[in-house]
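A.B. asks: Have a look at this prediction, sequence included:
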Amino acid sequence: MSDTPHASAPAEEPIQWTEIITPQQGWFDVRLGEIWQYRDLIWQFFRRDFVSSYRQTVLGPLWFVLPPLFTTLVMAVVFGGVAKVSTDGVPHILFFLLGVTAWNYFASCLTRTATTFTGNAGLFGKVYFPRLTVPVSVVLNNLATFGIQFAIFLVIFLYQWHAGAPVAPNWRMVLLPILLVQMGALGLGLGCMVSALTTRYRDFGMLVSFGVQLWMYVSCVVFPLSSVSPGLRWLFILNPMVPIIESFRFAFLGKGVIEIWQLALSFGMSGVFLFLGLLMFHHVERTFTDTV
Amino acid sequence: MGVVIRVENVSKQYRLGTISRRMLYQDVQSGFARMLGRPDPHEKITEGGAARPAIGGISDYLWALREVSFDVNEGDVVGIIGRNGSGKSTLLKILSRITAPTEGRVFLKGRVACLLEVGTGFHPELTGRDNIYLNGSILGMTRAEITRKFDEIVDFSGVEKFIDTPVKRYSSGMTVRLAFAVAANLEPEILVIDEVLAVGDAAFQKKCLGKMSAVAREGRTILFVSHQSAAVENLCSRGIMLEGGGLRFDGTQTEALRFYANSTGNYDGLLRDRTDRKGTGDIRITAIEFRDTRGNRINTMASGQDVDVLLYFENITSRPWPNLLVSITVKNQLDVPVFIHGNLYTGDTFGESIPSSGAFVCRLHKLPLPTSAYRLDFLIRSQARGAEVLDWMDSAIEMPVEGGDFFGSGQVPPMIDGICLADGSWRLTAETTPDAAEPQLVPG
C-alpha cells in the first residue's frame, strides 16, 4: 500500500484508510465481498421487480404462468402437430413446457442482465453501490419466476404420471439445482459481457434481442438431440445450452441423450463465461458513466 | 482531528464527441498497442492542463479536473464553489465513486454517503414504505438501520397518512419530501452533498438547510458542492474554489467566496483568445467594455445608472450583412437570465456594410439590477443567412453592479427581494374597488 503521507504534511503515522479510489483497478480485483455487504440492496431490488412487475394488470400474477403455457401450446401445435417433430414418445405438453420453462429462465437471465448499464444509467450516475447487485438480483428474480413456472410443470407432470403417461418421479431430479446454477451462471456471465460491451457499442444490445431468439432454435428446445443426425451432434454439444436442456429431459422425462462429459463441458463453459463476464463487468463499471 | 479525505493529484479526462464506428477499430488498435507495450497510436498529447486543440478549435479530449489535491479533516464542513464547468460535479462524482479518476488517488476513511439527487431509484409503483427501504438500501443503509430510523423518516417527511400508497399517487412535493427524509437520516462518517438537494417549497427548503446545519454541528465531515453561495455560507467552515478543473483557492468559506467574487471570470473584457465560443466567426467580438454616459470606461456599475456596453468586433468578410442581429443577455449568479437586449427588439439596424472593425454599442437606460455580480452573454446572428450564428459566447464578461440609487430615494431593495428593479411610483386615490359597486357575478 503506497499511502505515503502528503508532501506538505510532516511525517506522521500512516492513516488507516478504509477506501482508496484509484484510476484503474486490476482486471482481477472483483470485490465479491462487497456484494455480500449489499445483500439488503439485492433483496430490495428483488422485491421491487417482483412486486412491481404486474401492478395494474387485470390478470396480475397469472402473467407469471400464462406466457410459458401459451408458448407451449403453440409449440405443441406447430412443432408437435404440424411439423411432427419427435418428442421421444413423451407427451407433447410436457416435452415443450419443460424446454420452454428452462429456456425462459436462461434467456431472461441473459437479456435482462444485458441491459444493466444502459437501463440503469440514471441510477448509476447518481449514487454508488456495487453495480453487480443489479444483475444478481435479476437472476434471483428469474429464479423465483422459474420456481412458479416450474410448479405448473410439476402439477401437469404429476397429472400425466397419474394418467399413465410414460413419466415418473425419479432420483435424477436432484440434478435440478445444478442445472439452475449452471444456467444462471451462463446467463449472468453472458449478460454481464454484453452489458459491458453495450456501454460503448449499442450494437450488442440489438444483437442480444434477436440472437436469443435464434439461439433457442439451435438449443434443442423444440426438438430432442436424438433427432439430430449423429454426425452433427458434436456441433450441438458445443452449444452449452444443449446439454442443459437435454439434462432437464433426462432428469424429468427419462429421455435425452446426454453424457457426463458433455454436461461437464457445458458446466465448464458456463464457468468460463461467468468469469469473463464478471471481469468485463467490473472493468467497465468504474467509468461507464463517461461513455454510456 | 485526523485527515479523513485525501485527494491526491486527481485528474479526470473526458473524451468528447460521439461514439462512432471508427472507435471500435481505434479501440482494438489501442488495445493491441497496449498489449505489445507500444505507445497508443490514438493517444492525444496534452500539455499545460489544456486539451490540445485540434483543427477547428475542437479537441477530442477535455480535462474536467487537473491535478487537484487537498485534505479534509474530521469534522470539517467544506463548501466547494466554482462556476459551471469548473469541475465541481466531476470532483463530486469521483468522491462518490460514480466514476473513476483518470489520474491520481483519493483516500477515504470512514463510510461515505453521497447525495447527488434525492429519491434516486424511487419506484412509482411501490408504496412510500417500500420506497423508503429501497432508497435507503441504495444509499447504503442496511435493513436494520432503516427499520430503526423508519419512524423518524416518516415523521420528517410528513406523509404518514400516505405511507402505504404507491408513490405515483403522491404530489411531486410529497415525493421530494419523502426522498429528502430518507437522505437526511443517513448516518455516514463523511457526507458529500450537492446543494441542489435543498428542494421543495420555501418552508421545506428551510427545514432541509436546518437539518443540514444540524448534521454539520454534530461534528460529521461534510463536503458541500454549492451552486448558490449564499445559502451555505453560514454552514461551511472552509471553502475550496475550483476553476477550469484546477484548485484555485482553499481557505475559510468567507475568504473563498470573496476570492470567488473577485477572481472568477473576465474583468478586462478581452475575448480575442477565448475559445469557448460558437459560430462561424465571420464577425467576431474581440473585447467588451462598459462606459458611463460621459464615455469613461467603468468596471463596476451602479443600479439605475445609464451604461453603454461596447462590443468590439472584427469582420473578416467583405460581403454585405443586411439584418445583423446583435444581443446581450445579462445573467445573475444562478445563471438565470435577468434580461436580454438586442437590436431585434429595439428595431435598430446597423446598415448593410459592416466595417472590418468597430464596436456595437448598446445603451442601457437606468440599469434595473440590484447590487450583485452578473455576467453577460452575447450573440451575433445574421437574419439574412438563415439565422446563422456568427459569434456566441456564454459568460463573456463579468458585470458587477454595486450601490447606486435606482429610485432616486436612496433606498434600493436587496437582491433577495427580487432579481430586478422596476421603475414606477406610488400614490393614493379615493376610488373604491369596482366590485363593491357592481353586483357579484354568481357562477352557474
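C.D. replies: Sure thing, it's come through.
A.B. asks: make it CA atoms for all contacts and neighbour counts henceforth
C.D. replies: OK.
A.B. asks: which parts of stretch B:210-227 are buried?
C.D. replies: Applying a neighbour-count criterion of 16 or more other C-alpha atoms under 10 Å in any protein chain shown, one finds B:211-213, B:215-216, B:220-227 buried in stretch B:210-227.
A.B. asks: how about the helices in the chain?
C.D. replies: You didn't pick a chain, so chain A it is. For chain A, the helices defined by DSSP state H occupy A:32-37, A:39-52, A:66-75, A:92-114, A:116-119, A:121-124, A:133-162, A:176-198, A:203-217, A:230-237, A:241-252, A:260-285, A:288-291.
A.B. asks: was after chain B, sorry
C.D. replies: B:21-35, B:88-95, B:128-138, B:143-157, B:172-184, B:202-217, B:229-233, B:253-263, B:343-346, B:434-437.
A.B. asks: Lowest mean pLDDT across the helices of chain A, which one is that?
C.D. replies: Among the helices of chain A, helix A:288-291 carries the lowest mean pLDDT, at a mean of 76.
A.B. asks: Distance of A:P243 relative to chain B?
C.D. replies: Distance, A:P243 to chain B, using C-alpha to the nearest C-alpha, to the nearest Å: 34 Å.
A.B. asks: And for that residue, the neighbour number?
C.D. replies: For A:P243, the neighbour count with other C-alpha atoms under 10 Å in any protein chain shown is 30.
A.B. asks: Please report phi then psi for the residue in the stretch 301-444 of chain B that chain A sits nearest to.
C.D. replies: Residue of the stretch 301-444 of chain B nearest chain A, by C-alpha to the nearest C-alpha: B:L334 (22.1 Å). Backbone torsions of B:L334, given as degrees, to the nearest 10, read phi -90, psi 10.
A.B. asks: Against B:S425, how distant is it?
C.D. replies: Going from B:L334 to B:S425 by C-alpha to C-alpha, to the nearest Å gives 29 Å.
A.B. asks: go on, A:V167?
C.D. replies: A:V167 sits 96 Å away from B:S425, going by C-alpha to C-alpha.
A.B. asks: cool, and A:A83?
C.D. replies: Look at A:A83 and B:S425: by C-alpha to C-alpha, they are 91 Å apart.
A.B. asks: cool, B:E189 as well?
C.D. replies: 55 Å.
A.B. asks: Close to chain A: what parts of chain B are there?
C.D. replies: B:3-4, B:8, B:14, B:19, B:96-111, B:114-117, B:120-121, B:123, B:125-126, B:133-134, B:137-140, B:142-143 (C-alpha under 8 Å from any C-alpha of the partner chain).
A.B. asks: which of those are buried?
C.D. replies: By neighbour count, with 16+ other C-alpha under 10 Å, these hold B:3-4, B:8, B:96-110, B:114-117, B:120-121, B:123, B:125-126, B:133-134, B:137-140, B:142-143 as buried.
A.B. asks: still on that earlier bit, who has more neighbours out of A:V167 and B:S425?
C.D. replies: A direct count of neighbours by other C-alpha under 10 Å for A:V167 and B:S425 places A:V167 higher, at 19 against 6.
A.B. asks: how does chain B divide up, domain by domain?
C.D. replies: Domains of chain B are assigned by automatic domain parsing as B:3-9+B:71-263, B:17-59, B:277-417.
A.B. asks: what about A:T57, neighbour count?
C.D. replies: Neighbour tally, A:T57, other C-alpha under 10 Å: 10.
A.B. asks: Please disregard the earlier target; I meant B:R363.
C.D. replies: Neighbours around B:R363, by other C-alpha under 10 Å: 17.
A.B. asks: my read: it touches B:L311, true?
C.D. replies: No. Counting by C-alpha atoms under 8 Å, B:R363 stays clear of B:L311, with 11.4 Å between them.
A.B. asks: Please tell me how far A:R39 sits from chain B.
C.D. replies: With C-alpha to the nearest C-alpha as the criterion, A:R39 and chain B are 9 Å apart.
A.B. asks: Run through the residues that contact that residue.
C.D. replies: By C-alpha atoms under 8 Å, 6 or more residues apart in numbering or on different chains, the contact set of A:R39 is A:T133.
A.B. asks: can you list the residues of chain A near chain B?
C.D. replies: A:6, A:15-24, A:38, A:40-41, A:44-45, A:48, A:51-52, A:55, A:123-129, A:200-201, A:286-290.
A.B. asks: quick one: stretch B:131-144 to chain centroid distance?
C.D. replies: 30 Å (C-alpha atoms, centre = their mean, to the nearest Å).
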